[in-house]
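Engineer: Here is my input, please return the structure:
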Amino acid sequence: MTSERKDGVKKRKIPKAPVGNVAQIRRKRAKYEQEKKIEKRSISVGSPAGNNENTKDTKKKSKSEKGKKKRTGVKRTKKKKRARESNHPDVHSTSHSQKSNPDIASRSNEETKKTDFSNSLTKEEKRARKREKRREKRKRRRLRINQAKKLEEVDNAQSGQAKLVDEKKRARKKEKWRAKQKRRKLRKKEREENAKVEENVATGSCNPGEAETQENTAEEKERLERKRQKKREKQKRKKDRDKHKRHEKSRKSAQTAYQDATAAVKSMFACIVCVDIEAWERNPKIITEIGVCVARVSCGQLISIDPMHICIKENAKKRNGRFVEDNRMHFKFGRTRWLSLEDATSQLKTTLAECTHFVGHAVGGDIRWLKSIGIKTAFTTFDTQILYQHRTGVYGQVSSLSKLVEAECGYEPTKLHNGGNDAHYTMNAFLAMLLVDTADCKKFSELLSRCK
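Structural biologist: Okay, here's the model as predicted:
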């Protein structure tokens, strides 16, 4: 590794770096040397104990031989050739554990069969097998491509149909617009011609032919006017018919509702609950108050009445007053209870559990809110507006709560837009409309004195 210079000083030769990754090459060399040592041991030891090595060593041996042949430049096939029975002494030598365990022995026999079959195949047969596998792969690939193409065609067809529909709609719109423009132009021309003729007649400078055209235009105008008049009359008749139908429908519904209400009141026992919900004026989804009034009736007589007023803690700062009166702190028939929304809904659920009939003024909004909470409205509902329409005979009109109470109960209600007050007033109006006897109920007479 050294060489002398002309000076006489020894110069050290630098070894050339091997091509590729150095660490990888070293690992390969070490592996190759180890495998060589193992081969030597197996050759030296001819006893069955020496032949007791695992199949892994034989695999390593085949790998090492392959690597060696690659280095020497011998061409090999891509797949590794497994050793035959002659090269595998472990196949013939059966250990004590294999003899004792029949399962292990059967497995080893199966493995040997597989190796025999793979080794028995010639090169041509192996190539034929490879070709078959490639063909199958190509077939699968073609199928996938065809399926994708079919799906694309279907999508394109659907999109094409949608485009055609859109184009047809646009074409119709354009045709309508053009027809409208033509009509406008014709009317404009007619007006201009009529104006010219009138000017000529006024000045006295019109020919006899122009006078005839004027008469013809006058006749056409009369004819068009008659046609328009007929159209207006037809539309009016249709509106009247629709109005009559609606009136008849609302009359029948009000009549059936009143009959059901009277039947409920005259029954052996009826628990009637009235609920009124007050929301924040700037966002109706935010509930601020819940008013409840529970009345128990038996055979047309009032047994008990309990008004309740609940305010929601979370929405205490959200006050009305800009569009609606703020009477939150003016409950006239008891004490207000401040609860969270969860506690208030649970309280409402317990009261509605024993309810048989539900009452409200414009009850649709209240029922919607109850459904959003998760309360099933299986009970029969009565709207005081519909019952009042049946009493007055004027259908399809909306009446306010103050007007209804004043007409039925005989006093003007105060401090409205408070949940508890509104619920109590609606219950009073309901009982008055159905002529329920309230003389025996002392609490009702006490509450009535507060109403006035």
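
Engineer: Hmm, Cys293 and Thr426 touching each other?
Structural biologist: Yes - taking contacts as C-beta atoms under 8 Å, Thr426 lies within contact range of Cys293: 7.5 Å. In short, each C-beta sits where N, CA and C put it, glycine included.

Engineer: Quick check: neighbours shared by the two?
Structural biologist: Cys274 (C-beta atoms under 8 Å, 6 or more residues apart in numbering).

Engineer: ranges for the helices of the stretch 351-452 of the chain?
Structural biologist: Under the criterion DSSP state H, counting those that start in this stretch, the stretch 351-452 of the chain contains helices at 364-373, 384-392, 401-409, 419-433, 442-451.

Engineer: Which one of those lies nearest to Arg134?
Structural biologist: Checking these against Arg134 by C-beta to C-beta gives helix 364-373 as the closest, at 64.3 Å.

Engineer: Convert the C-alpha atoms of that closest one to CSV, please.
Structural biologist: Provided in CSV are the C-alpha atoms of helix 364-373 (Å, rounded to 0.1, in the frame of the first residue of the first chain):
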residue,chain,number,x,y,z
GLY,A,364,-100.5,27.1,15.6
GLY,A,365,-97.3,28.8,16.9
ASP,A,366,-97.6,27.3,20.4
ILE,A,367,-98.0,23.7,19.0
ARG,A,368,-95.0,24.2,16.7
TRP,A,369,-92.9,25.2,19.6
LEU,A,370,-94.1,22.2,21.7
LYS,A,371,-93.2,19.8,18.9
SER,A,372,-89.7,21.4,18.6
ILE,A,373,-89.2,20.7,22.3
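
Engineer: So which of the helices of the stretch 351-452 of the chain is nearest His244?
Structural biologist: Checked against C-beta to C-beta, the stretch from the helices of the stretch 351-452 of the chain lying closest is helix 384-392, at 15.9 Å.

Engineer: got a list of contacts for stretch 396-411?
Structural biologist: Applying C-beta under 8 Å, 6+ apart, the set of residues contacting stretch 396-411 is 246-247, 250, 361-362, 384-385, 388-389, 391, 412-413, 416, 422, 425-426, 428-429, 432-433, 451-452.

Engineer: Just give me the neighbour total for Ala295.
Structural biologist: The number of residues packed near Ala295 is 27, by other C-beta atoms under 10 Å.

Engineer: which SS class is it?
Structural biologist: When classified by DSSP: H, G, I helix; E, B strand; the rest coil, Ala295 comes out as strand.

Engineer: How about it: which residues does it bridge to?
Structural biologist: Here Ala295 sits in beta bridges with Ile272, Ile305, going by DSSP bridges.

Engineer: ok, now which ones touch it?
Structural biologist: Counting by C-beta under 8 Å, 6+ apart, the residues that Ala295 touches are 271-274, 302, 304-306, 427, 431.

Engineer: neighbour-wise, which of the residues you listed leads?
Structural biologist: Cys274 (29 neighbours).

Engineer: so that residue is in which element?
Structural biologist: strand 270-280 (DSSP states H and E).

Engineer: so what secondary structure elements neighbour that strand?
Structural biologist: strand 283-298, helix 341-353, strand 357-360, helix 364-373, helix 419-433 (3 or more C-beta pairs under 8 Å, 6 or more residues apart in numbering; DSSP states H and E).

Engineer: Distance from that strand to the middle of the chain?
Structural biologist: With C-alpha atoms, centre = their mean, to the nearest Å as the basis, strand 270-280 stands 32 Å off its chain's centre.

Engineer: same thing with stretch 291-298?
Structural biologist: So, by C-alpha atoms, centre = their mean, the centroid of stretch 291-298 is 40 Å from its chain's centroid.

Engineer: wait, doesn't Leu447 sit right on Leu302?
Structural biologist: No - between Leu447 and Leu302 there is no contact under C-beta under 8 Å: 11.3 Å.

Engineer: where does Asp155 land on pLDDT?
Structural biologist: Asp155 is assigned a predicted lDDT (pLDDT) of 77.

Engineer: Can you report how many residues lie near it?
Structural biologist: Using other C-beta under 10 Å, Asp155 has 10 other residues around it.

Engineer: what about the spatially closest residue to Met268 that is not a sequence neighbour, how many neighbours?
Structural biologist: Distance criterion C-beta to C-beta, 6 or more residues apart in numbering; nearest residue to Met268, sequence neighbours excluded, is Ser298 at 6.2 Å. Ser298 sits with 13 neighbouring residues when counted by other C-beta under 10 Å.

Engineer: shaky segments in this structure?
Structural biologist: 1-21, 42-120, 201-202, 204-216, 452 (pLDDT under 70).

Engineer: The strand holding Cys274 vs helix 419-433, what angle?
Structural biologist: 140 degrees (axes from the mean of the first three to the mean of the last three C-alpha atoms, to 10 degrees).

Engineer: The chain should start at 721 in everything you say after this.
Structural biologist: I'll keep to 721 as the first residue from here, and by that count the last item is strand 990-1000.

Engineer: got the CA coordinates for strand 990-1000 in PDB?
Structural biologist: Taking Å, rounded to 0.1, in the frame of the first residue of the first chain, the C-alpha atoms of strand 990-1000 are listed here in PDB:
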ATOM      1  CA  ALA A 990    -111.700  17.000  31.400                       C
ATOM      2  CA  CYS A 991    -108.300  18.500  32.100                       C
ATOM      3  CA  ILE A 992    -108.000  21.500  29.800                       C
ATOM      4  CA  VAL A 993    -104.600  23.200  29.500                       C
ATOM      5  CA  CYS A 994    -103.900  26.600  28.000                       C
ATOM      6  CA  VAL A 995    -100.300  27.500  27.000                       C
ATOM      7  CA  ASP A 996     -99.100  30.900  25.900                       C
ATOM      8  CA  ILE A 997     -95.500  31.500  24.800                       C
ATOM      9  CA  GLU A 998     -93.800  34.900  24.700                       C
ATOM     10  CA  ALA A 999     -90.700  35.300  22.500                       C
ATOM     11  CA  TRP A1000     -88.100  38.100  22.100                       C
END
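
Engineer: next one: stretch 886-902 to chain centre, how far?
Structural biologist: With C-alpha atoms, centre = their mean as the basis, stretch 886-902 stands 37 Å off its chain's centre.

Engineer: Using PDB, write out every CA atom in that stretch.
Structural biologist: C-alpha atoms of stretch 886-902 as PDB (Å, rounded to 0.1, in the frame of the first residue of the first chain):
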ATOM      1  CA  ASP A 886     -82.700  24.300 -19.900                       C
ATOM      2  CA  GLU A 887     -82.300  25.300 -23.600                       C
ATOM      3  CA  LYS A 888     -86.000  24.600 -24.300                       C
ATOM      4  CA  LYS A 889     -87.000  26.700 -21.300                       C
ATOM      5  CA  ARG A 890     -84.800  29.600 -22.500                       C
ATOM      6  CA  ALA A 891     -86.200  29.300 -26.000                       C
ATOM      7  CA  ARG A 892     -89.800  29.500 -24.700                       C
ATOM      8  CA  LYS A 893     -88.900  32.500 -22.600                       C
ATOM      9  CA  LYS A 894     -87.400  34.200 -25.600                       C
ATOM     10  CA  GLU A 895     -90.500  33.500 -27.800                       C
ATOM     11  CA  LYS A 896     -92.800  34.900 -25.100                       C
ATOM     12  CA  TRP A 897     -90.600  38.000 -24.800                       C
ATOM     13  CA  ARG A 898     -90.600  38.600 -28.600                       C
ATOM     14  CA  ALA A 899     -94.400  38.200 -28.800                       C
ATOM     15  CA  LYS A 900     -94.700  40.700 -26.000                       C
ATOM     16  CA  GLN A 901     -92.500  43.200 -27.800                       C
ATOM     17  CA  LYS A 902     -94.500  42.800 -31.100                       C
END
